[in-house]
Each structure stands twice: as C-alpha cells, then as structure tokens.
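Enquirer: need a 3D model of the sequence below.
(2 chains, ligands or ions: 2)
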Amino acid sequence: MNAANLLKIALRALNNNKLRGFLTMLGIIIGVGSVITMLAIGQGSKRSIQAQISEMGSNMIMINPGNMDKRGGGVRQSASSMQTIKLEDYKGIVEKAKHVSVASPSVSSNGQFIYGANNYPSSIYGVSTEYLEIRKLSIGEGDMFTDQDIRSSAKVCVVGKTVVDNLFTSGDDPIGKVVRFNKIPFRIVGVLAAKGYNSMGMDQDDIVLAPYTTIQKRVLAVTYLQGIYASAVSEEMTTKATEEISEIMRANHKLKDSEDDDFSIRSQEELSSMMSSTTDLMTVLLACIAGISLVVGGIGIMNIMYVSVTERTREIGLRMSVGARGRDILSQFLIEAVLISITGGIIGVVLGVFCSFAVKLLLNWPIYIQLYSVVLSFAVCTVTGIFFGWYPAKKASELDPIEAIRYE
Amino acid sequence: METKKAIIELRDIRRDFKVGEEEVHALRGVTFSIFAGEFVTIMGTSGSGKSTLLNTLGCLDTPSFGDYFLDGVSVRTMNKNDRAILRNRKIGFVFQSYNLLAKTTAIENVELPLMYNSSVSALQRQNKAIEALTAVGLADRLNHKSNQMSGGQQQRVAIARALVNDPVIILADEATGNLDSRTSYEILVLFQELHAKGRTIIFVTHNPELSQFSSRNIVLKDGRVVEDTHNDAVKSAKEVLDSLPKVDN
Ligand SMILES: Nc1ncnc2c1ncn2[C@@H]1O[C@H](COP(=O)(O)OP(=O)(O)O)[C@@H](O)[C@H]1O
Ligand SMILES: [Mg+2]
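Expert: Ligands and ions are numbered 1, 2, ... in the order given. From the prediction side, this is the model:
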C-alpha cells in the first residue's frame, strides 16, 4: 500500500475518533509547549543577564582581600587576612599597570542616614572620582566631589535617587543639604542619575558615594582598603590587566613564589561566564522537566494505540484476509501514531510560543525563542510517535488473521 | 471434465489444533479437486470442520499435513507474505458477518483489496469497484456508508469486494447465515448469476436445503468427506424467490 493511501487511512481513523485523538495529543501538546516555553525563559534570562553585565561595564575588574580560591571550605578568614590591600596597591596599579585605564579604592560602611525626622538605613561607599567611570554612573544634578575633597577628607557625598526619595520626603532640593550618617554630617553635593533595578533585582539607586579618605579616617578609622575597582583599557585587555595587577600586588606584598596570593581579582568577563553557566544549567534542568512530560505524552500515545489496535482487531483481520501483509498493517498504525504526535507537536509549538509571549507580557520576564528549540521539540515529537507507536503497531501486524477476524 | 482446469487440488489435508493437553483433529485427511466453473456447496453440521477447510483453501491457515495446490501453485511451502499476496490476487472471501469497514462507503469497501495491490492505479481501482458493485446490483448505492445499508446490501458489498480483484475462486463461509430467508435467496440468486458468468464458487453452509442450488455437493463429517456428489437438477434460486410471499418494504 502506498504512502498516500496509508495517510488517508490514518486520517480517517483519527477523524472517526476526534476527541480521543485530541486527548491523546494533549500529552504531546503540553510536552512540546513546555519545552519551548522553558527554553525561551532560560535563554531570555541568560541574554538579559549578559546585557546587564556589559551595561555595568564589561571591562571592570574587582580586587578583594583574601584568597577567594581558598575561601571555599567554609573557614572564616581571620581579620588580618581581610586587611591586606593598602593604598600603596591602589597607587601602584594607577602608576604601573599599562592596561588599566582608571582605578578607585573602595571602603564602605553600613548605617543610618538621618535628615530631619527621616531615617534611612543604607551603605556609604568611599571611592575616588574615577568610580563613576568604572561603574558607568553619572551625576544627574549637582556635581561629583573633587580630588581636593579627597585630599582634605571632606565630609561631602553624592547620593542615589532611592536615598533622596526616602530622606527628602517633603520634596526639598537635596543639593547643599546636610545628612547625618552615624552622627557624622555629610553635605550632599550631587545626585546620581537614576539607573533602576538590575537583573538580579538589586536597586542600583540605593547608593551613597563619599571620598574614600573620609570613610577611612572619619567613619571607619582604618588605613587599609576593602577593595579596589579598576577598568581595563578594553574588554579584550581584561586578562592582561588582571595579570599586571596581580604582579604589582604580589611585588607590593613581597610574596615569595611559593606563597599564595593574599588577594583575589575578579573580572566582569569571568563573572559573565559564571553567570551564563548558571543559567545554562537552569535551562538544561527546565528542558529536562519538559522532556519528561514529552515521554509521558509518548506513553499516552502508546496506551491509546493499544486500545485502537484491540478495538480494530476485526478490521485488521479483514485487511489481512484481503491481502494486507504484516508490514502494511505495521505502517498503518505507525503512521497513525506519528500523525497524532506531529499534530500534537504543531499545536504544542503554537502553544509554547503563545505561552512565552504571555510570560513576557504578564510577568515581564525576558524571553527568547530560539529556532533550534522549535526544530528540536518537533524532531523529538516524531521520534516519540515512532518509538511509542512501534510496539502496538508491531503487535497488530503479528495478529493471526483467522483469530483477528473472529474477534468479538 | 478432463479438459477442465483444476483450480483447487487437496491431497490428504489434515489440521490438528492443540487445545491444552488435547489434540483436536479438525480435518482428518481431506482429498478432492475443484475445477474451473464449478459451484460447490460444502455442508456439514456445526464443528464438522467446514470453516477450517475454507480457511485452508483461502490461504488464511496452513494444514498440519497434506498438499494444497491453488491454481497450480503449492501453498504449503509459502511464507506469510507470499500467502498474503496470493489471497490478494487469487481469492475472494465472503464472511458470515460481512466484515465491512465501519463508517466507510460501499465503493471504498470494495476498493480495499486493490489498495494492497500497487500495480492497480487509483482510477483503475475506482472503475473496478464500480464494475463489481454494478455486478451485485448496487450501482445506485456507491456512496452509501456501511451503517446506512441493510444486511442484504452489506453482504452484496462484501460479495463485490470478493469479486473486485477478479479471483480464481470465491469462498463464502455461511454467507447467508445472518440473513432472513428472503434475503438469503436473493444472495443465492446473485451467486447463481456469478456462476453462470463463469465464476468458480465454494459455498459453505450447515443448511442442507441450500445444496439444491449448486452443481456439486461435498458433505463433511468429523473432518472427513463423507459424500461428494454432482447435482444434475440444479434448482433456480430465482424461481424459489419468486414463489415466496411478497413482503412490503
Ligand atoms: N483455532 C482453533 N483452536 C482449537 N480448535 C479449533 C480451532 N478452530 C476450530 N477448532 C475445532 O475444530 C473443529 C472444526 O471447527 P470448524 O472448522 O470451525 O467447524 P464448522 O465451521 O464446521 O462449524 C471444531 O471442533 C472446533 O472446535
Ligand atoms: Mg464455521
């Protein structure tokens, strides 16, 4: 029997049992639909994180005290090991590292900001003026504090929009006002341009910047730095810059070759690949769950094909008695199974695309539908149909014609 | 008779079934030949082995012992696929319970055997089906579905299906068993017409009355042929039908 006739028979069989055919497809529809939606969500969040990272400055390098690689074991590092970065390191990087364009020291403290009757808990970051460039921040109103402010450890600061909103509830112009941080008065010289939330849900406007010298001397009373931020001259030079910084710091700290670093350097590039491997893992997990539902759908097909074969035993017997060979019967039922799974697959693709956009519209999650996910789920569908349809079809083709035609 | 071609040649056909520990001997050595153009009735009580014999003749079943030649070809040594092809090209089967495809038109039911013959084109298939349905008197019912027809009409469709591949022999197993007596005679009239046109027919029945309408009668008992006679005074089914009281439809 030729393919066109086989297809006609299969279509008729499905047409005679529309509701059952649809219910059987449901497993496949849900399976394919969820594979596509899950992959769209996974890919979407991966892309959005990558975009966020490059927006934050893809050539940013962070230097922290203590050896990150040795920190993993859950052993808390001693206080002294967290005080290894000194101002000399910062100066060394600025003077000697050719692949570093700008750098800023970093010290911070948590506490309460008070203005009038308003009270707001936040952090104050002690940095140099270059910090704005490194973090891609800009001043909205007023000015950044100056290098002169840094030299004189002036009690001035630049604040983010969230802090302004919480302290200046009556709508006063914050520029020139004095806020208290842990009882120390800071005069606001500028307000940062609003940046909103980042992809991890952190408020990027909940920030206060002050000269690092002020934080070191007047707030924390320390001489060390909590970290250094630097910018490589370009994204491609990040690795070279990292190596340079490491050399300079090891020399400064007089470390022998046998000794481990007492600091750690993280580049944004590294962070980006770490992030994408996390989201990749998430994508794989989501796809696995969706894949399981495809298998469940396949078992549904197998189940219904068994029922179909049993119901149509007499028909099979008759077809055999007029000359159908085993392979004719086999292909008849196999095509029926594949037709169910492919039709389910098409509906599933439509449903998956629809759900992806629904997620985007209703939940505001980033989505990205890749062509390969559509092609893949379609292929998996067809294979599912053949795989799970095979056994019932084989059973049908091996029926004895006499027994089949007498079957009640 | 010597000049006539043997369509079927059976030599000591035996068929044993294993039922649990016991062996059932359904056929215990059947030998006969059937020639082109014969209309043979095979009779016997229920359980005498008629269906088993017919299934063997129809290449649906293989004998446990003995030789069977259909149109000069030995069937015994054939594999499943070859027997399927043989059924498709040389045999027309009519069953007691019609066995039409549900929700399918008469013409599509009749086309079925030709669907499994790739040398017949779609157009040829349709033409042959129409021809066969015309031969059984259903030219005006081509597109009626099986559930829209009476038992007699359904059996006519089944007979058309048995004719469509132009078989060397038509095998009917209790073909009138499900029909009332009037409709049974109508079907018998049809078989007699087909016979008159040169068809070779084997008609299995447990009803001894029906033996008068065929040219040869074989009687089976316990899997053996106990009688094999020629009927010189073939009764016309049409006359009997005409003599039956008319019923209003
Ligand atoms: N598949 C089978 N398995 C076991 N016994 C069978 C089978 N088919 C037929 N028989 C036995 O063979 C004998 C002949 O059966 P059958 O040919 O159907 O008789 P008839 O058609 O003359 O009524 C019966 O005794 C029946 O029980
Ligand atoms: Mg019988």
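Enquirer: the residue of the stretch 251-400 of chain A found nearest ligand 1 - how many residues pack around it?
Expert: Closest residue of the stretch 251-400 of chain A to ligand 1, CB to the nearest ligand atom: A:D400 (8.7 Å). Bear in mind the C-beta positions are built from the backbone N, C-alpha and C, glycine included. Here the number of neighbours of A:D400 (other CB atoms under 10 Å in any protein chain shown) works out to 12.
Enquirer: what does A:K98 give?
Expert: For A:K98, the count of nearby residues is 10 (other CB under 10 Å).
Enquirer: okay, it: pLDDT?
Expert: Note for A:K98: predicted pLDDT of 90.
Enquirer: the one 10 residues further on now?
Expert: The model reports A:S108 with a pLDDT of 93.
Enquirer: bridged to it, which residues?
Expert: A:Y125 (DSSP bridges).
Enquirer: shouldn't it be in contact with A:I215?
Expert: Yes: assessed by CB atoms under 8 Å, A:S108 is found in contact with A:I215 at 7.1 Å.
Enquirer: looking at these two, which is more packed in?
Expert: Between A:S108 and A:I215, A:I215 has the larger neighbour count (other CB under 10 Å), namely 27 against 18.
Enquirer: measure the residue lying closest to A:V208 once chain neighbours are set aside to A:D173 for me?
Expert: Leaving out its chain neighbours, the residue that sits closest to A:V208 by CB to CB, 6 or more residues apart in numbering or on different chains is A:I124, at 4.6 Å. As defined by CB to CB, to the nearest Å, A:I124 lies at a distance of 21 Å from A:D173.
Enquirer: for B:S243, what are its contacts?
Expert: Counting by CB atoms under 8 Å, 6 or more residues apart in numbering or on different chains, B:S243 makes contact with nothing.
Enquirer: now do it against B:Y185, distance only.
Expert: Where B:Y185 is concerned, B:S243 sits at a distance of 10 Å (CB to CB).
Enquirer: show me which residues of chain B sit near ligand 1.
Expert: With CB under 6 Å from any ligand atom as the criterion, chain B meets ligand 1 at residues B:F17, B:V19, B:V24, B:A26, B:G44, B:S46, B:G47, B:S48, B:G49, B:K50, B:S51, B:T52.
Enquirer: neighbours of the nearest residue to B:F65 once chain neighbours are set aside, how many?
Expert: Distance criterion CB to CB, 6+ apart; nearest residue to B:F65, sequence neighbours excluded, is B:R14 at 4.0 Å. Neighbouring residues of B:R14 were enumerated by other CB under 10 Å; the total is 15.
Enquirer: and B:R14, which of the three is it?
Expert: strand (DSSP: H, G, I helix; E, B strand; the rest coil).
Enquirer: where's it relative to A:K136, distance?
Expert: Per CB to CB, B:R14 is found 96 Å from A:K136.
Enquirer: can you check B:I7 too?
Expert: Plainly put, B:I7 is 95 Å away from A:K136 if you go by CB to CB.
Enquirer: which residues do A:S108 and A:I215 both contact?
Expert: A:I124, A:Y125, A:G126.
Enquirer: neighbour-wise, which one of those leads?
Expert: Tallying neighbours with other CB under 10 Å puts A:G126 at the head of these, with 29 neighbours.
Enquirer: and the closest residue to that one other than its chain neighbours, what does it touch?
Expert: Closest residue in space to A:G126, ignoring its immediate chain neighbours: A:I215 at 2.9 Å, by CB to CB, 6+ apart. Contacts for A:I215 were tallied using CB under 8 Å, 6+ apart; they are A:V107, A:S108, A:S109, A:I124, A:Y125, A:G126.
Enquirer: and A:I215, what pLDDT?
Expert: Here, the pLDDT recorded for A:I215 equals 94.
Enquirer: doesn't it fall inside a helix?
Expert: Yes: when three-state DSSP is applied, A:I215 is found to be in a helix.
Enquirer: follow-up on the earlier one: higher neighbour count, B:I7 and A:K136?
Expert: Legend: neighbour count by other CB under 10 Å for B:I7 and A:K136, higher for B:I7 (22 against 14).
Enquirer: quick one: what helix or strand has the more buried one in it?
Expert: In this assignment (DSSP states H and E), B:I7 forms part of strand B:6-19.
Enquirer: so what are the sheet partners of that strand and their directions?
Expert: When DSSP bridges is applied, strand B:6-19 pairs with strand B:22-35 (antiparallel), strand B:65-70 (antiparallel).
Enquirer: got the residues of chain B near chain A?
Expert: For chain B, the residues found near chain A under the criterion CB under 8 Å from any CB of the partner chain are B:55, B:58, B:60-61, B:80-81, B:84-85, B:87-89, B:93, B:95, B:99, B:101-104, B:112-113, B:115-118, B:161, B:165.
Enquirer: which residue ranges form the helices in the chain?
Expert: All of this refers to chain A. With DSSP state H applied, chain A shows helices at A:3-15, A:18-57, A:68-71, A:87-96, A:131-134, A:147-151, A:161-167, A:212-214, A:238-252, A:268-311, A:313-321, A:326-363, A:371-397, A:401-406, listed in chain order.
Enquirer: my question was about chain B, not that one.
Expert: Residue ranges of the helices in chain B, as given by DSSP H, are B:50-57, B:80-90, B:106-115, B:122-135, B:151-163, B:181-196, B:237-243.
Enquirer: mean pLDDT added to the ones you listed, as TSV?
Expert: Shown next, in TSV, are the helices of chain B (pLDDT from 0 to 100):
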stretch	mean pLDDT
helix B:50-57	95
helix B:80-90	94
helix B:106-115	95
helix B:122-135	95
helix B:151-163	96
helix B:181-196	94
helix B:237-243	91
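Enquirer: mind checking those helices for the one nearest to A:A3?
Expert: For these, proximity to A:A3 was assessed by CB to CB; helix B:106-115 is nearest, at 12.2 Å.
Enquirer: switch the strands paired with strand B:6-19 over to TSV; also include mean pLDDT and mean neighbour count.
Expert: TSV is the format used below for those (pLDDT from 0 to 100; neighbours: other CB atoms under 10 Å in any protein chain shown):
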stretch	mean pLDDT	mean neighbour count
strand B:22-35	95	17
strand B:65-70	95	18
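Enquirer: residues contacting A:I41?
Expert: Residues near A:I41 by CB under 8 Å, 6+ apart: A:L286, A:S356, A:V359, A:W365, A:I367.
Enquirer: count the neighbours of the residue nearest to the first one when sequence neighbours are not counted for me.
Expert: In this structure, A:L286 finds its nearest non-sequential neighbour in A:M38, 3.6 Å apart by CB to CB, 6+ apart. Other residues near A:M38 number 24, with proximity taken as other CB under 10 Å.
Enquirer: looking at A:M38 now. What's its pLDDT?
Expert: pLDDT for A:M38: 86.
Enquirer: and if you look at A:D173?
Expert: Per-residue pLDDT puts A:D173 at 91.
Enquirer: over to A:G21?
Expert: So, for A:G21, pLDDT stands at 88.
Enquirer: and what of the one 5 residues further on?
Expert: Per-residue confidence for A:L26 comes out at a pLDDT of 89.
Enquirer: do the one 3 residues further on as well
Expert: The per-residue pLDDT reported for A:I29 equals 91.
Enquirer: what sits against A:A358?
Expert: By CB under 8 Å, 6+ apart, the contact set of A:A358 is empty.
Enquirer: and B:D173, what is it in contact with?
Expert: Applying CB under 8 Å, 6+ apart to B:D173 gives the contacts B:K50, B:S51, B:L54, B:F93, B:V94, B:F95, B:Q96, B:V204.
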